[in-house]
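Peer 1: Next comes the sequence, and after it the predicted model I'd like to discuss.
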Amino acid sequence: MINLRQPFLIITFLVFSLAFSSVALAAEKCPDVPSVSWWGDTSPAGLAAYVNRKHDGDWTSYVKKWQAYEDRMREILNKGKSAIIKSQALTLQGKDLENHIELIAKRVKATRCLASQVMQTRLNEDLNNMNTSSGGNVEADLSVQTNAVCAKFAKVAWWKISHAKVASYVAKKHGGDWKPYVNKWGKQLEKMQAISKRGGAAVFKSRNLKLEGDVLLQYIDAIKDRLAVTKCLAHRELVNSADKKNAAANDG
């Protein structure tokens, strides 16, 4: 959990529960992983191949590994100690260690972005396949299964959400159609990114909050996480709905 400088706001970065075998071809380019001599192939294809080979396609453990590494390095820095990179017989301390931590943080952010795009690409493929095989719009008939195996939502102080609460909201407000809900948060993400890009501040008057700079970037990451989990839930419901339709057709 990260305690931000702004009051009332606590964000915990989550990592995605993903198990995909391909690299996403997404419209928004993810930031590049910084070049570090001993990191090897950190291109999108290289990272995807590594995750498939070493983590059975599960991005959760991979992102957790690097997030934990970043946290450990920051702890060492805060204690005024030195970090040893054993594979390189290298000792980092002070400004050198601080610079290395920033590179790690950029790697984590880039990997999280890539994971999100892989999820989006696979979801789109599954939506198309489901609609084609069923001969209609399966999405309109989604029934909510709140115990889907998806990551938990990021923790933001004013987000009183869970899988069950979001599923219930989608059922009540959108008749079980997840598209409007996903689009709503997609627009919120675009709005926050636009504000950040022009160096502005996002003001939440009802909560007496103003987010800008790094804090706003962290909130943007939390929104990306929220979208990724929501799409995971939508995907699970799509599969569940298709299975139910197939079972009904076979019984008929």
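Peer 2: Right, received. Where do you want to start? All values reported here derive from a predicted model rather than from experimental measurement.
Peer 1: what is the rounded mean pLDDT of stretch 168-186?
Peer 2: Averaged across stretch 168-186, the pLDDT comes to 89.
Peer 1: That stretch: how far from the chain's middle?
Peer 2: 19 Å (C-alpha atoms, centre = their mean, to the nearest Å).
Peer 1: same deal with stretch 92-103?
Peer 2: 26 Å.
Peer 1: buried ones in that stretch?
Peer 2: Leu92, Leu97, His100, Ile101 (16 or more other C-beta atoms under 10 Å). C-beta here means a position set from N, CA and C on the backbone, and glycine is covered the same way.
Peer 1: Repeat that for stretch 198-216.
Peer 2: Ala202, Leu209, Leu211, Glu212, Val215, Leu216.
Peer 1: just stretch 225-241 next, same as before
Peer 2: Neighbour-count burial for stretch 225-241 flags 225-238, 241 (criterion: 16+ other C-beta under 10 Å).
Peer 1: closest to Tyr62 among these?
Peer 2: Ala228 (14.7 Å; C-beta to C-beta).
Peer 1: rewinding a little: filter the buried residues of stretch 225-241 down to just the ones in helices.
Peer 2: Here DSSP state H is the test, and these give 225-238, 241 as lying in helices.
Peer 1: need the strands for the stretch 151-252 of the chain, in chain order.
Peer 2: 201-204, 209-212 (DSSP state E, counting those that start in this stretch).
Peer 1: will you turn those strands into JSON lines that also has mean pLDDT?
Peer 2: Output for the strands of the stretch 151-252 of the chain, formatted as JSON lines (pLDDT from 0 to 100):
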{"stretch": "strand 201-204", "mean pLDDT": "90"}
{"stretch": "strand 209-212", "mean pLDDT": "89"}
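Peer 1: Can you add distance to Lys155 and give those strands back as a markdown table?
Peer 2: Output for the strands of the stretch 151-252 of the chain, formatted as a markdown table (distance: least, C-beta to C-beta, whole Å):
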| stretch | distance to Lys155 |
| --- | --- |
| strand 201-204 | 17 |
| strand 209-212 | 16 |
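Peer 1: Which one, of those strands, ends up nearest to Arg112?
Peer 2: Once the strands of the stretch 151-252 of the chain are compared by C-beta to C-beta, strand 209-212 is nearest, at 19.0 Å.
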